[in-house]
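In: Build me a model:
(chains A and B, ligands or ions: 2)
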Amino acid sequence: MKLKPEDLDKISEKMRSSTTLREGKGRAWVTVHMGTCGIAAGARKILKTFLDQKEEKNAQDVIITTSGCAGLCSHEPMATVELKGEAPVKYVNLSPEKVKKVFADHVMDGKIVKDYALAKGSERVS
Amino acid sequence: MEDISLHILDIAENSINAGATSVDVEIEEDQRNDLLTVKISDNGKGMDEDMIKKAADPFYTTKPGKRVGLGLSLFAHSAREAGGELKVISTREGGTVVTATFNMSHPDRKPLGNVQETMDVLKASHPEIEFKFKHTRF
Ligand SMILES: Nc1ncnc2c1ncn2[C@@H]1O[C@H](COP(=O)(O)OP(=O)(O)OP(=O)(O)O)[C@@H](O)[C@H]1O
Ligand SMILES: [Mg+2]
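Out: Numbering: from 1, shown residues only, chains lettered A, B, ... in the order given. Ligands and ions are numbered 1, 2, ... in the order given. This is a model prediction of the structure:
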């Protein structure tokens, strides 16, 4: 199949709109790393605490999901917090107490909790 | 893993990563035969013959030094420790069924743990996936 310039325009427009759609879905993304190492290190409690915080604060624009191993097993449990339009931040060696602070300060208030963060990366952990 | 409910979560995460849209968890306690069966089925992209071998046996590898996954081999270890075994049936068309059996009263059998919390967090973190859960005792 040969593509005409109009087709390319159409395709790029389609891609743009689907990205906007995805970005438009939620104000904040929380990804809890749920590989085997993470789960063994207590990731279920971490995920549960994030979910409970979301409910408690009625934060419907916060999307909480999971991903596989991030390859940093000794830092588990870990989670990545990404606010719309900002670089994702990885939080390491989490505990339910730390999660509550990360949720209140970063997710709800936009302030990174530097003490618990690994590094300010630019990649999205999928 | 501390208990079986954490293994279930781990195996279900494999299903999620395999693109499943539906995941079934079944726990069967057969008192008469002293047999505990835990089954996780999904409709994800499945594995081919070679991958199943690699996945279920931590010592099987085609390349020396290559890292293999931990989740399935740890589950297999927990089952074997309690006089049971792990079976993986998988096809590219039909998805994957992971079945672990345990000798229920075996002293090394891990407790079931908080299966409810496992199902709750799975559902809440993946609303796009249908999770079903069945627990039977007989
Ligand atoms: N339900 C499934 N559907 C398709 N492929 C699967 C499934 N379960 C496991 N696999 C394949 O088998 C591999 C090994 O799985 P396993 O859970 O043992 O390790 P892993 O998920 O790769 O890493 P981890 O150590 O974090 O669990 C996976 O990487 C995946 O390729
Ligand atoms: Mg796994």
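
In: which parts of chain A sit against chain B?
Out: Counting by Cβ under 8 Å from any Cβ of the partner chain, chain A comes close to chain B at A:32, A:34-37, A:39-40, A:44, A:47-48, A:51, A:64-66, A:68. Glycine gets a C-beta too; all of them are placed from N, C-alpha and C.

In: which ones among those are found in strands?
Out: A:32, A:64-66 (DSSP state E).

In: Name the member of these that has the highest neighbour count.
Out: Neighbours here mean other Cβ atoms under 10 Å in any protein chain shown. Within these, the largest count is held by residue A:32, at 27 neighbours.

In: now that residue, which residues is it bridged with?
Out: The bridge-partner assignment for residue A:32, based on DSSP bridges, gives residue A:66, residue A:79.

In: and what of residue B:137?
Out: Once the bridges are assigned, which here means DSSP bridges, residue B:137 pairs with residue B:29.

In: residues making contact with the longest helix seen in chain B?
Out: Residue-count comparison of every helix in chain B, with assignments taken from DSSP state H, identifies helix B:4-17 as the longest. Contacts made with helix B:4-17 from outside it, assessed by Cβ atoms under 8 Å, 6 or more residues apart in numbering or on different chains, are listed as A:34-36, A:39-40, A:44, A:66, A:68, B:1, B:23, B:25, B:38, B:40, B:42, B:44, B:71-72, B:74-75, B:78, B:96, B:98, B:100, B:102, B:110-115, B:117-118, B:121-122, B:126, B:129, B:131.

In: Summarise which helices and strands the helix or strand encompassing residue B:116 is packed against.
Out: Assignment of secondary structure by DSSP states H and E places residue B:116 within helix B:115-125. Of the remaining helices and strands, those touching helix B:115-125 by 3 or more Cβ pairs under 8 Å, 6 or more residues apart in numbering or on different chains; DSSP states H and E are helix A:43-56, strand A:62-67, helix B:4-17, strand B:22-30, strand B:130-137.

In: chain center to the lowest-mean-pLDDT helix or strand in chain B, what's the gap?
Out: When the helices and strands of chain B are compared on mean pLDDT, DSSP states H and E, helix B:49-56 comes out lowest with a mean of 80. Its chain's C-alpha centre lies 15 Å from the corresponding centre of helix B:49-56 when counted by Cα atoms, centre = their mean, to the nearest Å.
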